[in-house]
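Q: Got a sequence here, can you build the structure:
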Amino acid sequence: MSGTKDSAKPRLREILTSPRLGVVVVMGVASGLPFNLTEATMQAWLKDAAVSNTTIGWLSLVGLAYTLKPLWAPFLDRFSMPFLGRRRGWILIFQLALAATLAAMAIHGRSLL
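A: Numbering: from 1, shown residues only. Below you'll find the predicted structure:
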């Protein structure tokens with residue numbers, strides 16, 4: 001069995017200089033950024049705002065949805081919304097829920113903390 005150039009494994013240099021790897025790195029950073037913002041940055045901001053450690057601990061549960069993503073993501077892939085298609089429909093629903101949550105937090109202000 002003689003190997004052709006197409007079936008040969010790419011060299012490490014070719015992999016590291018591939019534009020595809022750059023896209024994968026950017027997507028990896030973008031997908032992990034929300035988790036870092038909700039964990040470290042939010043905790044630092046709340047500590048500076050003199051919020052109690054107990055409240056900060058409860059608010060760290062925000063990251064639980066991101067951690068449990070492998071459990072709920074197949075549900076979103078399986079069922080589609082009757083409008084805008086499968087992914088865009090879910091995105092719209094979650095964006096509206098996020099906007100409503102932010103509005104509720106703004107209305108209640110510091111009384112939630």
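Q: and stretch 8-26, what's its mean pLDDT?
A: Stretch 8-26 carries an average pLDDT of 84.
Q: scratch that, stretch 104-113
A: Here the average pLDDT along stretch 104-113 is 70.
Q: Over to stretch 66-76?
A: Mean predicted confidence for stretch 66-76 is 84.
Q: Extract the C-alpha set from it and format it as CSV.
A: Output of stretch 66-76 as CSV, limited to C-alpha atoms (Å, rounded to 0.1, in the frame of the first residue of the first chain):
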residue,chain,number,x,y,z
TYR,A,66,-22.9,26.7,31.1
THR,A,67,-21.5,23.8,33.0
LEU,A,68,-24.6,21.6,32.3
LYS,A,69,-24.7,22.6,28.6
PRO,A,70,-24.0,19.0,27.5
LEU,A,71,-27.3,18.0,29.1
TRP,A,72,-29.6,20.7,27.7
ALA,A,73,-28.0,21.3,24.3
PRO,A,74,-29.3,18.1,22.7
PHE,A,75,-32.9,19.2,23.7
LEU,A,76,-32.4,22.5,21.8
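Q: for that stretch, the distance to its chain's centre please.
A: 11 Å (Cα atoms, centre = their mean, to the nearest Å).
Q: what's the first-to-last distance across stretch 12-22?
A: 14 Å (Cα to Cα, to the nearest Å).
Q: what's next to that stretch, contact-wise?
A: residue 10 (Cβ atoms under 8 Å, 6 or more residues apart in numbering). In this view, the C-beta of every residue, glycine as well, is placed from N, C-alpha and C.
Q: Pull the distance from that stretch to the chain's centre.
A: The answer for stretch 12-22 is 25 Å, by Cα atoms, centre = their mean.
Q: One more: stretch 26-35?
A: The answer for stretch 26-35 is 6 Å, by Cα atoms, centre = their mean.
Q: Show me what counts as buried in it.
A: When burial is assessed from 16 or more other Cβ atoms under 10 Å, stretch 26-35 yields no buried residues.
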